[in-house]
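J.: What shape does this take:
(4 chains)
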Number of protein chains: 4
Amino acid sequence: MKIRIYYEDTDAGGIVYHTNYIKYCERARSELFFSKGLEPTDGDASGFVVRHMDANFLSTAKLGDMVEVSTVLIKKKKASLVLKQTVTHIDNQKKIFEMDVTLVFVRNGKPSAIPEIFSDILK
Amino acid sequence: MKIRIYYEDTDAGGIVYHTNYIKYCERARSELFFSKGLEPTDGDASGFVVRHMDANFLSTAKLGDMVEVSTVLIKKKKASLVLKQTVTHIDNQKKIFEMDVTLVFVRNGKPSAIPEIFSDILK
Amino acid sequence: MKIRIYYEDTDAGGIVYHTNYIKYCERARSELFFSKGLEPTDGDASGFVVRHMDANFLSTAKLGDMVEVSTVLIKKKKASLVLKQTVTHIDNQKKIFEMDVTLVFVRNGKPSAIPEIFSDILK
Amino acid sequence: MKIRIYYEDTDAGGIVYHTNYIKYCERARSELFFSKGLEPTDGDASGFVVRHMDANFLSTAKLGDMVEVSTVLIKKKKASLVLKQTVTHIDNQKKIFEMDVTLVFVRNGKPSAIPEIFSDILK
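T.: Residues are numbered from 1 along each chain as shown, chains lettered A, B, ... in the order given. Below you'll find the predicted structure:
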């Protein structure tokens, strides 16, 4: 997943506002579903929620840069999973941001087994 | 309604990203309802939507500035209304942004009479 | 310019937050420069600023939708130009948002002739 | 620091978009400086940058809610510090979000001793 840095992504410090890397990671997770015509839910009252995030800010990106988000499954349980997501400069392959994010599948507000229909996506 | 300019509001140009003034105006409209314990709807499938916007960008605000949004009703019809909203520097009273915004009350996707319960707010 | 609608673009109304269409138009304007390896400035203290905006909100987009931004030059003066920008659903070609936006080229805070180097982009 | 949840803060899930809690924490850090007429820098090429973040998403907030951000210094070194920031519902004091965030003071791109002038703020 490739992302261009626009004005809206930057702040007065001249670089990307820190929380936006976390947004790019969410875009990449959602795109896994959207690109296959799916949504990250199997009905109205279900979906993945972010429970925990351990994030390192390693470098910065600036206006006009192209960055790439990679997503790797590093742990999978019945109702939750942990992904390692990395944002990298496309030009020089320098790592900008990296996080381990724990997602829980929730149905009617409670943790629930991740549906089978998502098994392809989670490979 | 007073608003502080934070990093998230600015861009690499060192000033507030232009669309954010429009967000501040929306915050001010919603606050009219929230501050009285109301929501800008009288049920799930109804609410105000923005239909038209005529906006002038007159000056700029920067990180740490305090700005103020004022809202004046300039026209009211059965299902719609026009507001003049202005964003001003609190320090020097300089006008930064001004727009006439047309809102339509919509119920089940169709224009519908603005409910009586909002008559106080619209004065 | 094609844009996917992600969670960050939507609001509790279930559709795209109204100001985000204006952001998409800015992305499209910037991409005209970035895609040619240029920036929308010919030096630190110069650049295009939005002066006026006349916008119509015609329909809505929702999570997962793909929309397209088109940009047409409709007027050009020495230091300013007017663009018509339209956001359209890719699936059904329905128009969602349309605005005429006036941009002024500013150098050291004052309107200034648009540099020759941008003449290609403005065609 | 008290924050109202507006439409722009929410997403199609009907609740606050997850990264916005991290923005609220940044607002609270900046407000510590702005409220005393300071900026979080002692000159152009210096400032605090986020290096690491360990965050737990414990509950959610929705449109119109009022939340509060509290900030506590839990570790201080020469060039860095760790803060514990918590976002809480004002109505019921329920904890929504909590993170330990490591900030490094950077001058000309390199870690540098935190200036004395900030010692008051860091108490």
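
J.: quick one, what contacts residue A:48?
T.: By Cβ atoms under 8 Å, 6 or more residues apart in numbering or on different chains, residue A:48 lies in contact with A:29, A:40, A:103, A:104, A:105, A:106. The C-beta positions use only the backbone N, C-alpha and C, and glycine is treated the same way.

J.: Of the residues you listed - the most surrounded one?
T.: When neighbours are taken as other Cβ atoms under 10 Å in any protein chain shown, the top entry among the contacts of residue A:48 is residue A:105 (23 neighbours).

J.: For beta bridges, what are the partners of that one?
T.: residue A:48 (DSSP bridges).

J.: Contact partners for it?
T.: A:46, A:47, A:48, A:79, A:80, A:111, A:112, A:113, A:114, A:115.

J.: Would you format those as TSV with secondary structure, pLDDT and distance to residue A:87 included?
T.: Below are these laid out as TSV (DSSP: H, G, I helix; E, B strand; the rest coil; pLDDT from 0 to 100; distance: Cβ to Cβ, whole Å):
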residue	secondary structure	pLDDT	distance to residue A:87
A:46	strand	91	28
A:47	strand	92	23
A:48	strand	94	20
A:79	coil	96	27
A:80	strand	96	23
A:111	strand	95	28
A:112	coil	94	30
A:113	coil	94	30
A:114	coil	94	25
A:115	coil	92	28
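
J.: Return the member of the residues you listed nearest to residue B:53.
T.: residue A:47 (32.7 Å; Cβ to Cβ).

J.: Dump the contacts of residue A:48 into a markdown table; add distance to residue B:14 and pLDDT as well.
T.: Listed next are those as a markdown table, based on distance: Cβ to Cβ, whole Å; pLDDT from 0 to 100:
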| residue | distance to residue B:14 | pLDDT |
| --- | --- | --- |
| A:29 | 32 | 96 |
| A:40 | 37 | 87 |
| A:103 | 37 | 97 |
| A:104 | 40 | 97 |
| A:105 | 43 | 95 |
| A:106 | 41 | 94 |
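
J.: for the residues you listed, which one is nearest residue B:60?
T.: When the contacts of residue A:48 are compared against residue B:60 (criterion: Cβ to Cβ), the nearest one is residue A:29, at 35.5 Å.

J.: quick one, phi psi at that closest one?
T.: phi -70, psi -50 (degrees, to the nearest 10).

J.: Tell me who's in contact with it.
T.: A:40, A:48, A:71, A:83, A:85, A:103.

J.: at 7 Å instead, please
T.: Contact partners of residue A:29, counting by Cβ atoms under 7 Å, 6 or more residues apart in numbering or on different chains, are residue A:71.

J.: And the one 10 residues further on, by the same measure?
T.: Listed by Cβ under 7 Å, 6+ apart, the contact set of residue A:39 reads A:33, C:64.

J.: Swap in 8 Å and give it another go.
T.: Per Cβ under 8 Å, 6+ apart, neighbours of residue A:39: A:33, C:63, C:64.

J.: which element is the most centrally placed residue in chain A on?
T.: For chain A, the residue sitting closest to the mean C-alpha position, by Cα atoms, centre = their mean, is residue A:25 at 2.6 Å. Per DSSP states H and E, residue A:25 falls inside helix A:19-34.

J.: just residue A:86 next, same as before
T.: Using DSSP H and E, residue A:86 sits within strand A:80-89.

J.: partners of that strand, with directions?
T.: For strand A:80-89, pairing defined by DSSP bridges yields strand A:66-76 (antiparallel), strand A:95-107 (antiparallel).

J.: Residues contacting it, please?
T.: A:21, A:24-25, A:28-29, A:51, A:59, A:61, A:65-76, A:94-105, A:111, A:114, A:122.

J.: Buried ones from those residues, can you make that a ChimeraX selection?
T.: Of the contacts of strand A:80-89, the buried ones can be selected in ChimeraX as follows, counting by 16 or more other Cβ atoms under 10 Å in any protein chain shown:
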select /A:21,24,25,28,29,51,61,65,67,68,69,96,97,98,99,100,101,102,103,104,105,114
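
J.: what's the neighbour count on the nearest residue to residue A:47 once chain neighbours are set aside?
T.: Distance criterion Cβ to Cβ, 6 or more residues apart in numbering or on different chains; nearest residue to residue A:47, sequence neighbours excluded, is residue A:41 at 4.2 Å. The local packing of residue A:41 (other Cβ under 10 Å) involves 17 other residues.

J.: Helix, strand, or coil at residue A:41?
T.: Following DSSP: H, G, I helix; E, B strand; the rest coil, residue A:41 is assigned to coil.

J.: check contacts around residue A:69.
T.: Here residue A:69 is in contact with A:1, A:3, A:24, A:25, A:27, A:28, A:85, A:86, A:87, A:88 (criterion: Cβ under 8 Å, 6+ apart).

J.: 6 Å instead?
T.: A:1, A:24, A:25, A:28, A:87 (Cβ atoms under 6 Å, 6 or more residues apart in numbering or on different chains).

J.: next one: residue A:94
T.: Contacts of residue A:94 (Cβ under 6 Å, 6+ apart): residue A:59.

J.: From residue B:86, how far off is it?
T.: As judged by Cβ to Cβ, to the nearest Å, residue A:94 and residue B:86 stand 44 Å apart.
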